[in-house]
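K.L.:
make a model of this:
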Amino acid sequence: MHEIRRSCPQRNNIEIAGLVPAAPKPSSASYAPATVTAHLQGDDTCSALDLTVQSSSPVIALCRKLIERAHDRATGLEVYRGKTLALRVRSIGQAARLEANGDGTGFRPATKAGRASLVRQNRRAAG
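P.N.:
Numbering: from 1, shown residues only. Here you go, the predicted structure:
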């Protein structure tokens, strides 16, 4: 079965997929999540607003700190090194759920804090 997409003038050009109308897209005038500007210093420090964090993953740490300070998780983040845009984060909420992978080549979902290692504990022999 194929999906049908067409424009319906009688429905104010709302896209139809099959026979179910798509949810209306918010206009830029009605909804535009805020964007925070941050600055990298060195390889382990990032600052934005009144916050400065130092971490091996400073942008992710800054996203977590902004959420702790009650910023909207949908807020974007533009990170500059000097005058150059180095990184754009779509949502601080999404970034806060990540951690650097073990190879340093990307990101993975963050492990839960306080979770026990899967390594079995060895007991000392009685004697």
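K.L.:
ranges for the strands of the chain?
P.N.:
Assigned by DSSP state E, the strands in the chain fall at 5-7, 15-17, 20-21, 35-41, 45-48, 51-54, 76-81, 84-89, 98-100, 107-109.
K.L.:
among the ones you listed, show me which one is buried the most.
P.N.:
When these are scored by mean count of other CB atoms under 10 Å, the highest mean neighbour count falls to strand 45-48 (a mean of 20). In this view, the C-beta of every residue, glycine as well, is placed from N, C-alpha and C.
K.L.:
what comes into contact with that one?
P.N.:
The contact list for strand 45-48 (CB atoms under 8 Å, 6 or more residues apart in numbering) reads 36-41, 52-55, 58-59, 61-62, 66, 77, 79.
K.L.:
swap the cut-off to 6 Å and go again
P.N.:
Under the criterion CB atoms under 6 Å, 6 or more residues apart in numbering, residues 36, 38-40, 53-54, 58-59, 62 lie in contact with strand 45-48.
K.L.:
also stretch 74-89?
P.N.:
Taking CB under 6 Å, 6+ apart as the criterion, the residues outside stretch 74-89 that touch it are 33-40, 59, 90-92, 95.
K.L.:
try 8 Å
P.N.:
Contacts for stretch 74-89 (CB under 8 Å, 6+ apart): 33-40, 46, 48, 59, 62-63, 66, 90-93, 95.
K.L.:
gap between the two ends of that stretch?
P.N.:
From its first residue to its last, stretch 74-89 covers 10 Å (CA to CA, to the nearest Å).
K.L.:
give me the helices and strands touching the biggest helix by length in the chain, please.
P.N.:
In the chain, assigned by DSSP state H, the helix with the most residues is helix 58-68. Packed against helix 58-68, as judged by 3 or more CB pairs under 8 Å, 6 or more residues apart in numbering; DSSP states H and E, are the following elements: strand 35-41, strand 45-48, strand 51-54, strand 76-81, strand 84-89, helix 92-96, strand 98-100.
K.L.:
for the last one, packing partners?
P.N.:
What that stands for is strand 98-100. By contact count (3+ CB pairs under 8 Å, 6+ apart), the secondary structure elements abutting strand 98-100 are helix 58-68, strand 107-109.
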